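Chemist: below are the sequence and a predicted model for it; my questions follow.
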Amino acid sequence: MSAQSDRIADLIEARPLVIAVDGPSGSGKSSVSREVARRLGLEYLDTGAMYRAATWSVVESGIDLADAPAVAGHVAGFDLTMATDPSAPGAWVAGHDVNAAIRETRISTIVSKVATNLDVRANMLKRQRDLIAAAAAGPHAGVVAEGRDITTVVAPDADVRILLTASEAARLARRAKELHGTADAASVEATRDQIVRRDSDDSTVSNFEVAADGVLHLDSSALDFEQTVDAVLTAIARTVTGTGSVADLDENARAGAVS
Ligand SMILES: Nc1ncnc2c1ncn2[C@@H]1O[C@H](COP(=O)(O)OP(=O)(O)OP(=O)(O)O)[C@@H](O)[C@H]1O
Ligand SMILES: Nc1ccn([C@H]2C[C@H](O)[C@@H](COP(=O)(O)O)O2)c(=O)n1
């Protein structure tokens, strides 16, 4: 954690505060959003975990993933609880802790089949808007919500909207390192389906590759994790306080290619 980052966080006092972050797989939106939420004392909503939990529940129920109406019907009624404390976020289905299960490759491989079902998306949209509204009205008075369509569909009126991207090579290397402990050629190849194919499928229903009007674009390809958190905090500070009050911010934090 950098003192610079904490100083930026101290400048951001606006409440309620809703921050929307989207981006492709492996861009760092979950880890960065969670840390930003922690430093700002906001709640954190991982909407990808919601789609993963829905997929887990569909699979557990023995429903054929190719049966789109059955999948949507199940998701419409499934019991999902999201924990939005950035220090301990998570998902529970009918009281069952699914946090480990939803990260397994068997779910990562098929989650796009559920997430591209438009009736499922309509149900998730309502759940996500309800969670964001509750967080804005709750004791922490705000939330960092991240996913693929938060800046454009779920929370287009968010106070700050950021598209966090990174080059395909950077994203593959990050995920390979996370899953295999190394970003050598074999590990990168083993990761390709989870990044490239999944983005290709998911992008048929959401735009997370080009920043929509009014959405800040932050390319983290050349930034490490801490620099990316700094850049996001700076972008938030600039937006909610105006550029004048962040004039003393360190150049490193501002160098995060925000456009
Ligand atoms: N700027 C960065 N530099 C290096 N590694 C990073 C950076 N940002 C995040 N990471 C790491 O990259 C990996 C992927 O990050 P993360 O899971 O947050 O991505 P994501 O965009 O949420 O992906 P997905 O949508 O697939 O869940 C993690 O191991 C994370 O710690
Ligand atoms: N707002 C969202 C969030 C996620 N998805 C889809 C896309 C992914 O394949 C899947 C899991 O997300 P991840 O945990 O990898 O971020 O859910 C979406 O369509 N919209």
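Modeler: Alright, I've got the coordinates. Numbering: from 1, shown residues only. Ligands and ions are numbered 1, 2, ... in the order given.

Chemist: residues of this protein that sit close to ligand 2?
Modeler: 25, 47-49, 51-52, 111-112, 115, 147-150, 198, 202, 206 (CB under 6 Å from any ligand atom). All C-beta atoms are positioned from the backbone trio N, CA, C, and that covers glycine.

Chemist: which of these fall within helices?
Modeler: Among those, the ones falling in helices (DSSP state H) are Thr47, Gly48, Ala49, Tyr51, Arg52, Val111, Ser112, Ala115, Arg198, Asp202.

Chemist: report how many residues lie close to the fifth one.
Modeler: So the one you mean is Arg52. Residues lying near Arg52 (other CB atoms under 10 Å) number 24.

Chemist: closest residue of the stretch 101-250 of the chain to ligand 2?
Modeler: Nearest residue of the stretch 101-250 of the chain to ligand 2 (CB to the nearest ligand atom) works out as Gly147 at 2.4 Å.

Chemist: which pLDDT value belongs to that residue?
Modeler: You'll see Gly147 listed with a pLDDT of 98.

Chemist: and for it, nearest residue in space, chain neighbours not counted?
Modeler: Once flanking residues are discounted, Gly147 sits nearest to Thr47: 3.5 Å by CB to CB, 6 or more residues apart in numbering.

Chemist: and the closest residue to ligand 1 within the stretch 1-150 of the chain, how many residues sit next to it?
Modeler: Proximity of the stretch 1-150 of the chain to ligand 1 (CB to the nearest ligand atom) peaks at Gly28, 2.7 Å away. Neighbours of Gly28 under the rule other CB under 10 Å: 25.

Chemist: quick one: it and Ser220 touch, right?
Modeler: Yes - assessed by CB atoms under 8 Å, Gly28 is found in contact with Ser220 at 5.7 Å.

Chemist: now do the shared contacts for these two.
Modeler: With contacts taken as CB atoms under 8 Å, 6 or more residues apart in numbering, Gly28 and Ser220 have Leu164, Ala166, Thr228 as neighbours in common.

Chemist: residues near the first one, how many?
Modeler: Pointing back at Leu164 there. Neighbours around Leu164, by other CB under 10 Å: 26.

Chemist: my read: it touches Gly23, true?
Modeler: Yes - assessed by CB under 8 Å, Leu164 is found in contact with Gly23 at 4.0 Å.

Chemist: joint contacts of the two?
Modeler: Lys29.

Chemist: is Ala91 within a helix or a strand, and which one?
Modeler: In the assignment (DSSP states H and E), Ala91 maps to strand 90-93.

Chemist: partner strands of the helix or strand just after that strand, with direction?
Modeler: The helix or strand immediately downstream of strand 90-93 is strand 96-97, counting by DSSP H and E. Here strand 96-97 is paired, per DSSP bridges, with strand 90-93 (antiparallel).
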